[in-house]
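Student: Below are the sequence and a predicted model; questions follow.
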Amino acid sequence: MAYILGVSENNGIILDPRTKLLLLIIINVIVFNKLDSHLMSILLIFFVTSLFIFSKKYKTAIVSLAIYLSYTLVLMYILPHLTGFLAILIGSVLVMFYKLMPIILMGAYFILTTGVSEFVASMEKIHMPQEIIIPLSVVFRFFPTVVEEVKSIIDCMKISGIGLNFKNLITRPLKMLEYLLIPLIISIVKGGDELSAAVLTRSMDNPVQRTNICKIGFHWQDYLYILLGLLLLMGLFI
Amino acid sequence: MIKLENVSFSYLNENKSNLKDFNLNIEDGELILLTGESGSGKTTITRLINGLIPHYFNGTIKGEIYFNEKSISDMKLYEISEKMGSVFQNPRSQFFNVDTTGELAFECENLGMPVDEIHQRIEQTINDFHIEKLMNKSLFDLSGGEKQKIACASVTTPNPDVYVLDEPSSNLDFIAINSLRNIIKFWKEKGKTIIIAEHRIYYLKDLIDKMIYLNKGVVEAEFNKDEINRLSSDDIYKMGIRPIDLNQIRYQTPEITLKNHEFIKIEDLLFGFKSNNPVLSIKEITLPSNNITAIIGLNGAGKTTFAHCFCGLHKKMKGRIKINGKMTKNKERLKRCYMVMQDVNHQLFTESVLSELFLSMGEDDEERAEKILESLNLLEFKDAHPMSLSGGQKQRVAIACAIASESDIIFYDEPTSGLDLKHMHHVGENILKLQKMGKTQFIITHDLEFILNCCTNVIHLDDGNITDYYPIKGNEDKLFEFFMKYQN
Amino acid sequence: MAKLEIKDLINVGIFGVLYYVIFYAIGMLQLIPVLFPFCPILMAIAGGIPFMLFITRVEKFGMITLMGIIISILIFLTGMSYLTVITGIIFAILGDLVIKSGNYKDFKKIAIGTGVFSLWSFGGFLPLWVMRDSYKAMMAQGYGVEYANTVFALVPDWSIIAYVIMIVVGGIIGAYIGRAMLKKHFERAGIA
């Protein structure tokens, strides 16, 4: 199951997490500054899917391309024929997501191919302060826990006759939200308190400089993709 | 050496003292067992030793604690942690990393050890613990027992002198308890000092050097190795702790009832997340209603999946479940069944015990709710927030909800994990009470003492199949055999 | 500035994950087009529930700031504009300062501070205005100038102010709901 950063199971050619982060920033900047360029959008999609192909995630690559293509078709041939307020709203939302696709795909690539320990190691390498690294690690550590607990709470709600079904969601949405959120918040917060105690007994507040066993480093593919990324960035000024 | 001198302690915002005038000398290489009922102060002592009191938990502390002649309250928490490894009750909340290897390296990294040395130490720990198979995996894919093993391994890599364990077996099945025993034995053979707070003690037998029995924060008795061996089952029973030898379990198995000759029949049940490899596959079984059936089996045998399928939580389940000869649909069983979860925190939704019952009833019938609460000794808590109650009380609230919703089939997922003898019997009493009310109950459990005292039948699950089903009366040997098989 | 301890940083992480999950779940409502314009306010309101519980654990300057930085990084990673990180840092610091002026206890200050803090996500909506021309050009390419004009008539220039007000008000409402939840649940459950 794909969590937000877990243990990476990589084969194929993989980039250093720092490279991925840089590419993520580059793509983000390009997309939000060059919204009107079809060419750029297509280039970016190919750029990102090539990463998926290199890391042997062929299925993800094909699915992404297919979604992009069908999106394009819908936008070109179907939407212009719709009229009225609703169509305009639907249209603008669709266009928004269409434009965001390169960013979302790059984010997915980052998430699917980076382990938490690699992420932490790269953050330490670029001297990101511990004040940011530690909360971020906690976030990644707790994502799967939140997913597990939400599933369990939803099961419990069904058993107690307050299942998250359509009828309940329509007739008493706020109550349902409360039934789901309160046990979730209480149990995550308690888990966090237990974790605090545990990591303090594991020397986490030791003032010495931390070491990290996770190996990361730049290879030819990193230089290649950084170069390509910078070239695309130059496209902003054309 | 660890020395506690006249130590008293009470937590912040609590007016009762958790520990009174406690004295203890722990020599290097000793294994000290702290035992007693819940709330007797054993966990407090472990926290005083590993420094979490006063450095994390606040309260009023009197007396002095020395670790190698230095006062623990003068030391920084990281100075203590360098020499001490702590393992806690809940396997799910004590790891910081997402992957197992990272977790093994974690404390060494914090101590700033060179990378090569950390790799060597991890290698060593993997060999000592035989955990090659668990390496480079997500901790979220491990079972509770495996998680606890990783927790033990991760405190071993920095090679501390002292290990402090707070009810480490609470959430484990009997196989995991056995490997916990082997780990503790390994530490002891290395000459480490070990302090354990527990009320399940059979797995530590013949490793204990000194056992301290606490009651309400006061030492009631102390036993050395010989005295422990001489303890009779009577003595143990009186102390309210779990048996020191499984063969000494006292029990009185409840009678099977065949009221109305009603039956539950399961036919061709099939469920799997992948179709070629079913998690659960039951050809045919007939179970009498109104009995208490224990569901036993190893981790991953499909016990919880069985319960979820029966309760109607898995829509993709194939097969037929007939209750009293009538076919039932998932939706119908979802209404008729209730499940008391292992993590009962997930099934309490409202702001008071009373409204929790109203939610289950679907109406605000205060009279009926209070009657139910009274029968479970919960009436005094009717206005309390369910989450503010103790674990046992929360479980009783869940049972009250089951009664309130008029479910006639109730599942329990490990209701006695981590409970001392007294609380185990309380759970048992309630279950027997519900049997008298005509409920059919299924209990997923690893607790032999509990099965013998509170269940009428047993189902063995193995690899998704029901391999055996029998009444306990007259078949006790079979049951003992199953549990003894995994003890060495 | 008092140094933040490990315990504080873990709390930032815990509440960061709760805030982010709730924020994101509400954000999914954007997929229902009719709700699209109201999402910022709904998101700000829902965020108030974990945020108020978080405040009970804050005693030092920096925790709220960090919280803003963490969630804006997360949002950036999952598809919002890089501008979010910038507004994230700015409004988290401002919110932190407002709440600090009430010593992290004064509810009026907390409510206003929560409103200010809620603007962290504003960077995510900014492209609608900042990159207006290129956005409009893009639309015009797809469906013609007329269509683009109609859409942009729905989002006039001054609406940026309306959005700011909406988010701040949402944050303040969230603070009140959060306080109600605190009294109804978290305090009585013994975790606040």
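Tutor: Structure's in. What do you need? Numbering: from 1, shown residues only, chains lettered A, B, ... in the order given.
Student: so what's B:Ile184 up against?
Tutor: B:31, B:163, B:165, B:194, B:196, B:204, B:207 (CB atoms under 8 Å, 6 or more residues apart in numbering or on different chains). Bear in mind the C-beta positions are built from the backbone N, C-alpha and C, glycine included.
Student: secondary structure class for it?
Tutor: Of the three states, B:Ile184 takes helix under DSSP: H, G, I helix; E, B strand; the rest coil.
Student: ok, now which ones touch the residue in chain C positioned nearest to chain A?
Tutor: When scored by CB to the nearest CB, chain C has C:Gly13 as its residue closest to chain A, at 2.4 Å. C:Gly13 sits next to A:134-139, A:141-142, A:192, C:70 when contact means CB under 8 Å, 6+ apart.
Student: how about the helix or strand that it is a member of: buried residues?
Tutor: Take DSSP states H and E as the rule and C:Gly13 turns out to sit in helix C:6-27. Neighbour counts using 16 or more other CB atoms under 10 Å in any protein chain shown place C:6-23, C:26-27 of helix C:6-27 among the buried residues.
Student: which of the contacts of C:Gly13 lies closest to chain B?
Tutor: Among these, and counting by CB to the nearest CB, the member closest to chain B is A:Arg141, at 5.9 Å.
Student: Tell me how far C:Leu182 lies from chain B.
Tutor: From C:Leu182 across to chain B, the span is 12 Å (CB to the nearest CB, to the nearest Å).
Student: Share the number of residues neighbouring that residue, please.
Tutor: 18 (other CB atoms under 10 Å in any protein chain shown).
Student: domains in chain A, as residue ranges please.
Tutor: Chain A breaks down by automatic domain parsing into domains covering A:17-114+A:217-237, A:129-200.
Student: Check those for me and report the most buried one.
Tutor: Counting by mean count of other CB atoms under 10 Å in any protein chain shown, domain A:129-200 has the highest mean neighbour count of these, with a mean of 19.
Student: Which residue ranges of chain C form helices?
Tutor: C:6-27, C:39-55, C:63-77, C:83-101, C:107-118, C:122-125, C:127-130, C:132-143, C:145-154, C:159-181, C:187-189 (DSSP state H).
Student: Switch these over to JSON lines; also include mean pLDDT.
Tutor: JSON lines is the format used below for the helices of chain C (pLDDT from 0 to 100):
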{"stretch": "helix C:6-27", "mean pLDDT": "93"}
{"stretch": "helix C:39-55", "mean pLDDT": "91"}
{"stretch": "helix C:63-77", "mean pLDDT": "94"}
{"stretch": "helix C:83-101", "mean pLDDT": "96"}
{"stretch": "helix C:107-118", "mean pLDDT": "96"}
{"stretch": "helix C:122-125", "mean pLDDT": "83"}
{"stretch": "helix C:127-130", "mean pLDDT": "73"}
{"stretch": "helix C:132-143", "mean pLDDT": "68"}
{"stretch": "helix C:145-154", "mean pLDDT": "72"}
{"stretch": "helix C:159-181", "mean pLDDT": "92"}
{"stretch": "helix C:187-189", "mean pLDDT": "91"}
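Student: name the element the residue nearest to B:Gly85 when sequence neighbours are not counted belongs to?
Tutor: What sits nearest to B:Gly85 in space, not counting adjacent residues and going by CB to CB, 6 or more residues apart in numbering or on different chains, is B:Val155, at 3.0 Å. Per DSSP H and E, B:Val155 falls inside helix B:144-156.
Student: And for B:Glu267?
Tutor: strand B:263-271.
Student: Which neighbours in the sheet does that strand have, and how are they oriented?
Tutor: Sheet pairing of strand B:263-271 (DSSP bridges) gives strand B:280-288 (antiparallel), strand B:318-323 (antiparallel).
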